[in-house]
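Q: I would like to see how this sequence folds:
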Amino acid sequence: MRRRDLIALVGGAFATGLATCPFAAAAAEAYPSRPITIIVPFGAGSGTDIVTRIIAQPLGIALNQNIVVDNRQGANGAIAATYVAKAPPDGYTLLMSTNSPHSANPFLLKNIAYDPVKDFAAVTRIGSFTLMLVVNPAVPVKTISELIAYAKAHPGKLSFGSGSNGSAGHLAGEAFKAETGVNMVHVPYKGGAPAMQALLAGDTQLMFDNLANSTPQLKAGKIKALAVTTAKRSALSPELPTLAETGLPGFDIYTWWGFMAPAGTPKEIIAKWNAEVARILATPEMKTFFAQQGAEPAPTSPEEFAALIRREIPKYAKIVKDSGAKVD
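A: Numbers count the residues shown, from 1 in each chain. Okay, the predicted model is just below:
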């Protein structure tokens, strides 16, 4: 299904209007009375941008307001996060965040201008997608143990690509290096598509990639998948073992998306967004869309989402410290 058709289906499913919820203050009762802006930390056409726009359409219908998607890319998401952290806490500027600005940047970048916990109010997680470790067929391995043995027998010969410095794919590779002791070279590209092309061409030998980007090449037999990076097997590729199963206990890296608001945003507004997003993500249209992206919708309460971010921060601190990863 094409993106345009899917947007039309999603819009039709939510044309019934908006659900109301009580507000304590008169100002909150009128919310929203003007257009809302969602800031996206990555460029137009990125996975985060596509997810934001597909959700913004039914959200606008539900809230009876225009929702503007504003791409403010740069500094691994720090530019967008800084902008939202300093925005008025009135519910009219929100961030579609990911692991990068909220879990990894405090350790990858020097002197970021926001606190990922204190400067934001968690609204809800949107969903997550699993990464899989894929290799070029020329690499003579079929399992993770064989890959580790091959890498140790050929130190520095293997390189892994990623969509960018500081991405989940980059940090998954760095964590793999740190936990196995193998010597691999990281090669960042400007997006997942060129990174995949490099893998297909043999310029790199492996990649920690999302399912949506890798699945077509897997079906065509152009790459091999060895494992997934999450703690549990993916419902979308249940035949693949986890890295934890293959001898790396505790390995659990994936990409999440979620809405964040500036700290101090009224709880009633956050509750309204949380309820509407959960309702939208439960629809068949959204489940179909996420499956096409190799992802799974995973809404949470604001408290659960905030707790997830607090758990993620020390995990990424350790990965960055152990690996020496950095973003230029």
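Q: For the longest helix along the chain, C-alpha coordinates in CSV please.
A: In the chain, with assignment by DSSP state H, the single longest helix is helix 302-323. Only the C-alpha atoms of helix 302-323 are listed here, as CSV (Å, rounded to 0.1, in the frame of the first residue of the first chain):
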residue,chain,number,x,y,z
PRO,A,302,3.5,9.1,30.4
GLU,A,303,5.0,7.6,33.5
GLU,A,304,6.0,4.4,31.7
PHE,A,305,7.6,6.4,28.9
ALA,A,306,9.5,8.6,31.4
ALA,A,307,10.7,5.4,33.2
LEU,A,308,11.9,3.9,29.8
ILE,A,309,14.0,7.0,29.1
ARG,A,310,15.5,6.9,32.6
ARG,A,311,16.5,3.3,32.0
GLU,A,312,17.9,3.9,28.6
ILE,A,313,20.2,6.8,29.6
PRO,A,314,22.7,4.7,31.7
LYS,A,315,22.6,1.9,29.1
TYR,A,316,23.8,4.3,26.4
ALA,A,317,26.2,6.0,28.8
LYS,A,318,27.9,2.6,29.2
ILE,A,319,27.9,1.8,25.4
VAL,A,320,29.5,5.2,24.6
LYS,A,321,32.1,4.9,27.4
ASP,A,322,33.1,1.3,26.6
SER,A,323,33.3,1.9,22.9
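Q: thought residue 258 was touching residue 121?
A: No: applying CB atoms under 8 Å, one finds residue 258 not in contact with residue 121, separated by 11.5 Å. Yep, even glycine has a C-beta here, placed from its N, CA and C like the rest.
Q: how about the nearest residue in space to residue 212 that is not next to it in sequence, what does it touch?
A: Leaving aside its chain neighbours, residue 212 sits nearest to residue 294 (3.4 Å; criterion: CB to CB, 6 or more residues apart in numbering). Neighbouring residues of residue 294 by CB atoms under 8 Å, 6 or more residues apart in numbering: 129, 130, 210, 211, 212, 213, 214, 215, 236.
Q: neighbours around the third one, how many?
A: Number of residues near residue 210 (other CB atoms under 10 Å) recorded here: 23.
Q: what pairs with it across the strands?
A: The residues listed as beta-bridge partners of residue 210 by DSSP bridges are residue 131.
Q: And it, how far from residue 182?
A: For residue 210, the distance to residue 182 equals 22 Å [CB to CB, to the nearest Å].
Q: on that earlier part again, for the residue nearest to residue 212, give me phi and psi.
A: When read as degrees, to the nearest 10, the backbone of residue 294 gives phi 70, psi 30.
Q: before we move on, the earlier item: please identify which of residue 258 and residue 121 sits among more neighbours.
A: Taking neighbours as other CB under 10 Å, residue 258 and residue 121 compare with residue 258 leading, 26 against 21.
Q: What residues does the nearest residue to that one once chain neighbours are set aside make contact with?
A: Ranked by CB to CB, 6+ apart and with sequence neighbours excluded, the top spatial neighbour of residue 258 is residue 125, at 4.1 Å. Residue 125 makes contact with 256, 257, 258, 298, 299, 300, 304, 305, 308 under the criterion CB under 8 Å, 6+ apart.
Q: Compare the residues you listed and tell me which is most surrounded.
A: Busiest of those [other CB under 10 Å] is residue 258, holding 26 neighbours.
Q: Over to that residue. Which of the three states is it?
A: Of the three states, residue 258 takes strand under DSSP: H, G, I helix; E, B strand; the rest coil.
Q: What distance do you get for it to residue 89?
A: 17 Å.
Q: Residue 295 touches residue 126, doesn't it?
A: No: the pair residue 295 / residue 126 is not scored as a contact, 9.1 Å apart, by CB under 8 Å.
Q: anything in contact with each of these two?
A: Counting by CB under 8 Å, 6+ apart, the contacts common to residue 295 and residue 126 are residue 51.
Q: and stretch 233-249, how far apart are its ends?
A: Its start and end residues considered, stretch 233-249 measures 14 Å (CA to CA, to the nearest Å).
Q: how big is the angle separating the strand or helix carrying the residue nearest to residue 258 from helix 302-323?
A: Under the criterion of DSSP states H and E, residue 125 resides in strand 120-135. Counting by axes from the mean of the first three to the mean of the last three CA atoms, to 10 degrees, strand 120-135 points 50 degrees away from the direction of helix 302-323.
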